[in-house]
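Engineer: Give me a 3D structure for the following:
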Amino acid sequence: MKKLWILPIFVAMFSCMAKEKQQEKQQQNTDSIKMSEQQGYETATLAGGCFWCTEAVFLEMDGVKSVTSGYIGGKTVNPTYKEVCSGDTGHAEAVQIVYDPKKVDFGQLLEIFFATHDPTTLNRQGNDVGTQYRSEIFYHTEAQKELAEAYITELQKQGTYGFGKKVVTKVTKAPTFYPAEDYHQNYYAQNKEQPYCSFVITPKIEKVREKYKAQLKHQ
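Structural biologist: Take a look at the predicted model:
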């Protein structure tokens, strides 16, 4: 009987430790961004489906200092991947990009963003279905908001994604961003042979490398 009582205690302890680690990572991320902004960098936060895909794409771009995968726009404090995947927390999988505006501007980031996911499918990207896979731009400044809204209006006006298709991407003021667990960071580079990476992410990377050569690192 004693062993049955001990198990819940250990589960609670590990749960608390995981939450504390997430809080520590969140603070480190916040401090890093503040330091980067003091050095002239800016921050963009974009959600366009699975963050493994989005992260891999933006890490290719010249002027991008760092990309952090994480969760944003939900109700749970310091959510875990499992909680977000349930769809109950309201968070979107997203990436937080720290970039040098002298090398790449917010408009160029938006161009890549809209070229590498489908902004016309509500709460879905391919086989990934749920509100956590929604298309959403979380703006940090009024300038980002205005540019994002104008960009969407122009895409809709031009019928970029086909006649009758509406761009459902939301534009929302950025709330708290929670960095994802360590194993999600730079996921593609460490798991290229995994089927999801091979069949979903690699084609996107190849598209970016072909179409946006001038905007990539080491070009």
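Engineer: Rounded mean pLDDT for stretch 205-214, please.
Structural biologist: Stretch 205-214 carries an average pLDDT of 92.
Engineer: Could you tell me which residues within it count as buried?
Structural biologist: 205, 208, 212 (16 or more other C-beta atoms under 10 Å). All C-beta spots, glycine's among them, are computed from the backbone N, C-alpha and C.
Engineer: cool, and stretch 128-142?
Structural biologist: 128, 131, 132, 133, 134, 135, 136, 137, 138, 139, 140.
Engineer: ok, the first one - contacts?
Structural biologist: Okay, so that is residue 128. Listed by C-beta atoms under 8 Å, 6 or more residues apart in numbering, the contact set of residue 128 reads 49, 50.
Engineer: again with the fifth one
Structural biologist: Contact criterion C-beta under 8 Å, 6+ apart gives 47, 92, 122, 123, 170 as the residues in contact with residue 134.
Engineer: Type out the PyMOL command that picks the buried ones from those residues.
Structural biologist: Applying 16+ other C-beta under 10 Å to the contacts of residue 134, the buried members can be selected in PyMOL as follows:
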select buried, resi 47+92+123+170
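Engineer: Keep only those of the contacts of residue 134 that are in helices.
Structural biologist: Among those, the subset assigned to helices under DSSP state H is empty.
Engineer: and of the contacts of residue 134, the nearest to residue 68?
Structural biologist: residue 47 (12.9 Å; C-beta to C-beta).
Engineer: coming back round to it: can you tell me which of the buried residues of stretch 205-214 are in strands?
Structural biologist: Among the buried residues of stretch 205-214, no member is found in strands (DSSP state E).
Engineer: Could you report the distance from residue 47 to residue 115?
Structural biologist: When distance is defined by C-beta to C-beta, to the nearest Å, residue 47 is 16 Å away from residue 115.
Engineer: For the closest residue in space to residue 143 that isn't next to it in sequence, give its distance to residue 44.
Structural biologist: Nearest residue to residue 143 in three dimensions, chain neighbours excluded: residue 106, at 7.5 Å (C-beta to C-beta, 6 or more residues apart in numbering). As defined by C-beta to C-beta, residue 106 lies at a distance of 6 Å from residue 44.
Engineer: and the two? which has more neighbours close in?
Structural biologist: Ranked by neighbour count (other C-beta atoms under 10 Å), residue 106 and residue 44 place residue 44 first, with 26 against 22.
Engineer: and the more buried one, what is it in contact with?
Structural biologist: Contact analysis of residue 44 by C-beta under 8 Å, 6+ apart lists 96, 97, 99, 106, 109, 140, 144.
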